[in-house]
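Asks: sequence first, predicted coordinates after that:
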Amino acid sequence: MKLLLSAAALGLALGASSASALVVQDNGAYTLSYDETTSLGYLSSWFSSSNDTYGFSWNLDSGIQAISEGGSTVNAFSLPDFVLSANSGYVLGGNVSAFLGNLVFNQLGAAASTGATVSAMISVDGGPAIAFGGPLDQVITASSGNFTSGYFSVETSQNFGNFSSLSVSAVTLTLSAEGGTFASVLSQPQNKLEVSFQAVPVPEPETYAMLLSGLAALAWVARRRRRCD
C-alpha cells in the first residue's frame, strides 16, 4: 500500500478545522501541526534518534471498532490531519515511514469476514493533493474449525527526496465486519498510528564559504605542482 502522507500548506490541509482544533508542537528540528478533535486526540509520543530520525505517534481509541452478529457493519473513523514542516536550519527527507496497527479481528462461521482500509489526501511542498489508500494486511494468528482470529496492520515507506513540508488530510480508517455468526474488528489502547522521517541539519552559509575556499586552495596547489613538474 502506498504511503499515507502528504505535504501542503497548513491552510489547505487543515482549512476545514477551526483554530481551536489545532495543536502546534515545535520539536526542535521540525514543527508538527495537527487536528486533535479526532478520537485519537493528542499525540501519545514523539521521539528522535542519533541518525537524524524523528517520529511521532497516536494511540488508537478502543471505540474504533466494527462488530456484527450475522449482519453487516461498516464504520468509518477520521484520523488526525497533520502538517509536518522543517524548522530553520533543517531539511526533511529520507524514507518517510508510516505504521498503522495492530487491530484484532475475530470471525466465527464459514461466511464471516472482516476488513480494514485506510485512505488520505497527500501533497508535498504545496503540490497538488493526491488520493492514496488501500487495505491493511490481514495476519491470521489462530484458526480452528469455523473460528479465525488475528490482526490488521500496515507498514510502508517512501522516499520523497528533500522537502520542506509534508501534510496529511482527510485520513479515514474504515472497518467492516459481516456474515457468519459473529465478526469483529477491535482496536486497543496499545494500537497506534506512527510516522517517522529524517530531519537533517543544513550547513550555514559560512560553512559553504569555508568549503569553497578550501576547494579553491586545493586547486591552486594542484596547478602549482603541475607547473613545477
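Replies: On my side now, so go ahead. Predicted model only: the values in this text are computed from it and were never measured.

Asks: all helices of this structure, in order?
Replies: Per DSSP state H, the chain carries helices over the ranges 10-14, 205-228.

Asks: remind me, longest strand of this protein?
Replies: Ranked by residue count, the top strand of the chain under DSSP state E comes out as strand 90-108.

Asks: coming back round to it: check the helices of the chain for me: which has the lowest mean pLDDT.
Replies: Ranked by mean pLDDT, the helices of the chain bottom out at helix 10-14, with a mean of 42.

Asks: could I get the average pLDDT for stretch 100-109?
Replies: 97.

Asks: wait, stretch 185-201
Replies: Regarding stretch 185-201, the rounded mean pLDDT is 94.

Asks: got the buried residues for it?
Replies: For stretch 185-201, a neighbour-count test (16 or more other Cβ atoms under 10 Å) marks 185-188, 191-199 as buried. Where you see a C-beta, it was placed from the backbone N, CA and C, and this is true even at glycine.

Asks: and stretch 44-53, by the same measure?
Replies: By 16+ other Cβ under 10 Å, the buried positions in stretch 44-53 come out as 44, 48.

Asks: gap between the two ends of that stretch?
Replies: 18 Å (Cα to Cα, to the nearest Å).

Asks: repeat for stretch 30-39
Replies: Start-to-end span of stretch 30-39 (Cα to Cα) is 24 Å.

Asks: stretch 120-140 now?
Replies: The first residue of stretch 120-140 is 26 Å away from its last residue (Cα to Cα).

Asks: can you name the residues that contact Asp137?
Replies: Taking Cβ atoms under 8 Å, 6 or more residues apart in numbering, we find Asp137 in contact with 152-154.

Asks: how near is it to Phe152?
Replies: Distance check for Asp137 against Phe152: by Cβ to Cβ, to the nearest Å, it reads 7 Å.

Asks: and Thr73, what are its bridge partners?
Replies: Beta bridges link Thr73 to Ala177 when assigned by DSSP bridges.

Asks: ok, it - contacts?
Replies: Listed by Cβ under 8 Å, 6+ apart, the contact set of Thr73 reads 66-67, 176-178.

Asks: and the pLDDT for it?
Replies: For Thr73, the predicted pLDDT is 98.

Asks: what of Lys2?
Replies: Per-residue confidence (pLDDT) for Lys2: 40.

Asks: per-residue confidence averaged over stretch 112-119?
Replies: In this model, stretch 112-119 has a mean pLDDT of 98.

Asks: distance from that stretch to the middle of the chain?
Replies: Stretch 112-119 sits 19 Å away from the centroid of its parent chain (Cα atoms, centre = their mean, to the nearest Å).

Asks: now it: buried residues?
Replies: So stretch 112-119, judged by 16+ other Cβ under 10 Å, has buried residues 112-119.

Asks: hang on, isn't Ser119 packed against Leu136?
Replies: No. Look at Ser119 against Leu136 with Cβ atoms under 8 Å: they stay out of range, at 11.4 Å.

Asks: before we move on, the earlier item: distance from the chain centre to the longest strand of the chain, please.
Replies: Relative to its parent chain, strand 90-108 has a centroid offset of 7 Å by Cα atoms, centre = their mean.

Asks: does Ser48 touch Tyr54 like I think?
Replies: Yes. Between Ser48 and Tyr54 there is a contact at 4.8 Å, judged by Cβ under 8 Å.

Asks: which neighbours do the two have in common?
Replies: With Cβ under 8 Å, 6+ apart, Ser48 and Tyr54 have common neighbours 27, 29.
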